[in-house]
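*Asks:* Generate coordinates for the sequence data below:
(one chain, ligands or ions: 1)
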Amino acid sequence: RLVSHVSVRCVAAPEKSEVTTRVERNKNFAKLQAGYLFPEVARRRREHQAANPDAKLLSLGIGDTTEPIPPTIVNAMRDAAIGLGTREGYSGYGSEQGQSKLREAITERLYAHVGRKPNEIFVSDGSKCDIGRLQLMFGADVSIATQDPAYPVYVDSSVIMGMTGEHNGEDFDGITYMVCRPETQFFPDLSKAERTDIIFFCSPNNPTGAAATRSQLTELVAFAKKNGSIIVFDAAYALFISDPDCPRTIYEIPGAEEVALETCSFSKYAGFTGVRLGWTVVPEQLRYADGFQVMNDWNRVMSTIFNGASNIAQAGGLAALSDKGWAEVQDLVAFYKENASILKKTFQDLGFTVYGGSDAPYIWIEFPGRKSWDVFGEILERCNIVTTPGSGFGAAGEGFVRVSAFGHREDIEEAVSRFKTAYKSA
Ligand SMILES: Cc1ncc(COP(=O)(O)O)c(CN[C@@H](CCC(=O)O)C(=O)O)c1O
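*Replies:* As a prediction, the model looks like this:
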């Protein structure tokens with residue numbers, strides 16, 4: 001009997017050396033330089049708390065919602081859950097693509113005006129999960145480009161899938177990093193970018209908070225068309241956009257349906273980070289080089305390795321898209337936007353160079369010449385506040401720190417007071 005790779009301690013027998021199986025490890029994992037960013041931030045937070053047991057830590061690190069789910073939405077999930085306890089209300093496995101009425105509601109609320117149809121909307125258990133499944137669908141032989149800095153899942157999932165080479169000390173060989181820094185308004189210089197099969201693009205961008213303009217996204221779509229690339233457009237924060245010149249979906253750009261799929265989520269809209277509900281749009285017009293519809297393979301992935309989003313979560317999503325629920329969603333987003341505005345102004349008044357925070361729930365603060373993890377540690381020590389180091393999002397994030405606006409208002413105000421005390425003469 002093969003025992004798994006654990007040290008086996010048998011009471012009766014003497015301690016044996018470590019026993020292993022004969023299964024080779026996926027070599028791609030060894031390319032990763034550290035654990036995933038947010039568990040590492042959490043580890044350092046726990047370490048600091050252990051060393052300072054009386055400290056009241058405030059978390060402006062991971063972008064996790066904090067406010068209660070609004071009544072229309074939570075009542076719908078409550079009723080769905082109660083219904084499962086009755087013969088007429090019970091339901092088992094649902095469509096892997098999502099309940100039709102939810103697909104229709106997402107389309108009606110967010111995409112009908114740009115030509116998308118319910119059969120192109122695939123409901124899931126969240127956008128991060130879909131990114132991993134999209135990588136599985138694309139396979140290891142595609143070439144990848146991503147904004148830098150960016151949501152770490154794009155790079156880490158590409159490494160795990162075997163789409164990259166080794167880490168070269170700064171970043172991974174085989175990935176095209178499209179640097180997004182202040183000098184180019186956080187939009188990549190596409191004239192210098194190599195052709196890749198897949199382009200991960202997030203707007204509003206996590207972590208910089210920059211929302212791409214219509215002309216920038218028009219340039220991106222043209223770039224993808226010219227190169228025959230597929231854009232994975234991550235719109236997880238689209239509802240935070242106030243600037244009318246910044247599209248909330250890539251499909252506001254004519255022709256995008258031929259080169260882009262879009263992933264989005266109820267996480268930051270309805271406080272569903274723990275409920276788990278998202279979707280990915282795969283247009284009928286999106287085709288591989290051989291003309292095969294991408295939608296067909298995405299459907300095959302979702303029906304093969306996913307058994308559908310929770311029926312309770314879907315009931316909540318449907319309620320969120322009702323007129324009443326959507327008004328409550330807007331109020332939630334406005335609450336976090338106000339947090340962002342308070343934080344942004346605080347850092348500006350303290351003399352920092354600050355980006356983001358207007359069309360996104362993230363504030364991107366520059367610490368010229370400083371190492372991000374050092375600044376992270378300094379803020380933790382001086383303010384007992386958890387942030388996220390910019391270098392955790394890519395090499396171009398070095399010298400920056402991300403501050404999240406997800407928090408109770410009293411915690412945001414306490415954080416502001418602590419920052420003012422600690423950095424009054426920045
Ligand atoms: C751009 C982007 N896409 C997708 C997600 C996740 O969407 P779900 O539908 O909830 O799966 C996040 C959350 N990013 C947060 C949380 C950390 C993480 O997801 O690893 C953040 O960046 O702090 C995100 O920033």
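*Asks:* Output the set of residues of the protein in proximity to the ligand.
*Replies:* Within the chain, the positions adjacent to the ligand are 38, 62-63, 126-129, 151, 202, 206, 234, 236, 265, 267, 273, 278 by Cβ under 6 Å from any ligand atom. The C-beta positions use only the backbone N, C-alpha and C, and glycine is treated the same way.
*Asks:* most neighbours, which of those residues?
*Replies:* Most neighbours among the residues of the chain next to the ligand, by other Cβ atoms under 10 Å: residue 234, with 29 neighbours.
*Asks:* Tell me what that residue is bridged to.
*Replies:* Counting by DSSP bridges, residue 234 forms beta bridges with residue 202, residue 263.
*Asks:* and it, what does it touch?
*Replies:* Going by Cβ atoms under 8 Å, 6 or more residues apart in numbering, residue 234 touches 127, 131, 151, 200, 201, 202, 203, 206, 262, 263, 264.
*Asks:* Kindly reformat these as CSV containing pLDDT.
*Replies:* Output for the contacts of residue 234, formatted as CSV (pLDDT from 0 to 100):
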residue, pLDDT
127, 98
131, 98
151, 98
200, 98
201, 98
202, 98
203, 98
206, 98
262, 98
263, 98
264, 98
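*Asks:* which one among those residues gets closest to residue 92?
*Replies:* Of all the contacts of residue 234, residue 92 sits closest to residue 127, with 25.4 Å by Cβ to Cβ.
*Asks:* quick one: the closest one and residue 281 touch, right?
*Replies:* No. In this structure, residue 127 is not within contact of residue 281 by Cβ atoms under 8 Å, at 11.4 Å.
*Asks:* quick revisit: so which of the residues of the chain next to the ligand sit within strands?
*Replies:* 202, 234, 265, 278 (DSSP state E).
*Asks:* Pull the residues that contact the helix or strand residue 155 falls within.
*Replies:* If you go by DSSP states H and E, residue 155 is part of helix 153-161. Helix 153-161 is contacted by residues 26, 28-29, 31-32, 36, 128, 131-132, 135-136, 138-140, 144, 146, 164, 171-172, 175, 200, 232, 394 when judged by Cβ under 8 Å, 6+ apart.
*Asks:* hmm, try it at 6 Å
*Replies:* 28, 31, 32, 128, 131, 132, 135, 140, 144, 146, 164, 200 (Cβ atoms under 6 Å, 6 or more residues apart in numbering).
*Asks:* Check stretch 362-371 too.
*Replies:* Contacts of stretch 362-371 (Cβ under 6 Å, 6+ apart): 207-209, 343-344, 347, 352-357, 375, 399-403.
*Asks:* again, only using 8 Å
*Replies:* Here stretch 362-371 has contacts from 63, 182, 204, 206-210, 340, 343-344, 347, 352-357, 375, 390-391, 398-405, using Cβ under 8 Å, 6+ apart.
*Asks:* and it, what's its mean pLDDT?
*Replies:* Stretch 362-371 shows a mean pLDDT of 98.
*Asks:* do the same with stretch 303-322
*Replies:* On average, the pLDDT along stretch 303-322 is 97.
*Asks:* And stretch 28-43, by the same measure?
*Replies:* Computed over stretch 28-43, the average pLDDT equals 93.
*Asks:* ditto for stretch 57-72
*Replies:* Stretch 57-72 comes out at a mean pLDDT of 97.
*Asks:* returning to that earlier point: which among the contacts of stretch 362-371 count as buried?
*Replies:* Neighbour counting over the contacts of stretch 362-371 (16 or more other Cβ atoms under 10 Å) leaves 63, 204, 206-210, 340, 343-344, 347, 352, 354-357, 375, 390-391, 398-405 as the buried ones.
*Asks:* Which parts of this protein are strands?
*Replies:* 58-59, 121-124, 144-148, 175-179, 198-202, 230-234, 260-265, 278-281, 353-356, 362-366, 385-386, 388-389, 400-404.
*Asks:* Make JSON lines from those strands and add distance to residue 317 to it.
*Replies:* Compiled in JSON lines, the strands of the chain are given as follows (distance: least, Cβ to Cβ, whole Å):
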{"stretch": "strand 58-59", "distance to residue 317": "26"}
{"stretch": "strand 121-124", "distance to residue 317": "7"}
{"stretch": "strand 144-148", "distance to residue 317": "28"}
{"stretch": "strand 175-179", "distance to residue 317": "32"}
{"stretch": "strand 198-202", "distance to residue 317": "21"}
{"stretch": "strand 230-234", "distance to residue 317": "18"}
{"stretch": "strand 260-265", "distance to residue 317": "10"}
{"stretch": "strand 278-281", "distance to residue 317": "9"}
{"stretch": "strand 353-356", "distance to residue 317": "27"}
{"stretch": "strand 362-366", "distance to residue 317": "24"}
{"stretch": "strand 385-386", "distance to residue 317": "30"}
{"stretch": "strand 388-389", "distance to residue 317": "28"}
{"stretch": "strand 400-404", "distance to residue 317": "23"}
